[in-house]
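Asker: coordinates only, no sequence provided:
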């Protein structure tokens with residue numbers, strides 16, 4: 001009987017060892033799968049990031065370069081309007097001065113009943 005119980009214990013220990021090996025192999029496989037999934041996810045993220053950066057750069061080139069064009073066009077229009085205003089001021093300066101002097105010099109000293 002002692003021999004059969006020793007044999008049963010030995011079989012249980014062997015079965016436990018095999019079960020532990022199976023569990024360890026499953027853990028290693030799980031870690032390997034997780035690492036593989038992580039690597040694939042990083043690769044996908046890097047590809048997506050590169051794609052979006054490329055799209056953004058293309059968008060920036062088309063839209064921001066247009067802004068520079070509009071800024072230059074606005075600067076040219078502003079300069080034109082300033083030069084036109086300067087010409088108008090120079091051409092009408094004498095007329096304005098004459099008008100102001102006339103208004104200031106021609107003071108009416110007549111009083112009416114309403115202004116007293």
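Answerer: Arrived safely, thanks for sending. All values reported here derive from a predicted model rather than from experimental measurement.

Asker: could you use CA atoms for every contact and neighbour count after this?
Answerer: Will do.

Asker: state the helix or strand in which the most centrally placed residue in the chain lies.
Answerer: Taking CA atoms, centre = their mean as the criterion, residue 56 is the residue nearest the geometric centre of the chain, at 9.3 Å. Taking DSSP states H and E as the criterion, residue 56 maps to helix 2-105.

Asker: state the mean pLDDT of that helix.
Answerer: Taken as a whole, helix 2-105 carries a mean pLDDT of 90.

Asker: tell me how far the residue nearest to the centre of the chain lies from residue 50.
Answerer: Plainly put, residue 56 is 10 Å away from residue 50 if you go by CA to CA, to the nearest Å.

Asker: list residues touching both of these two?
Answerer: Shared contacts of residue 56 and residue 50, defined by CA atoms under 8 Å, 6 or more residues apart in numbering, are absent.

Asker: just to revisit the earlier point, next one: the helix holding residue 56 to chain centre, how far?
Answerer: On the basis of CA atoms, centre = their mean, to the nearest Å, helix 2-105 sits 7 Å off its chain's mean C-alpha point.

Asker: measure the residue nearest to the centre of the chain to residue 86 for me?
Answerer: Computed as CA to CA, the residue 56 to residue 86 distance reads 44 Å.

Asker: cool, and residue 54?
Answerer: For residue 54, the distance to residue 86 (CA to CA) stands at 48 Å.

Asker: cool, and residue 22?
Answerer: The span separating residue 22 from residue 86 equals 93 Å under the rule CA to CA.

Asker: before we move on, what about residue 59?
Answerer: In this view, residue 59 and residue 86 are 41 Å apart by CA to CA.

Asker: same deal with residue 105?
Answerer: 28 Å.

Asker: then residue 17?
Answerer: The spacing between residue 17 and residue 86, counted by CA to CA, is 100 Å.

Asker: also residue 27?
Answerer: In terms of CA to CA, residue 27 sits 85 Å off from residue 86.

Asker: kindly report the same for residue 28.
Answerer: From residue 28 over to residue 86 the distance is 84 Å, taken as CA to CA.

Asker: same check, this time on residue 60
Answerer: 38 Å.

Asker: next: residue 77.
Answerer: Counting by CA to CA - residue 77 and residue 86 are separated by 14 Å.
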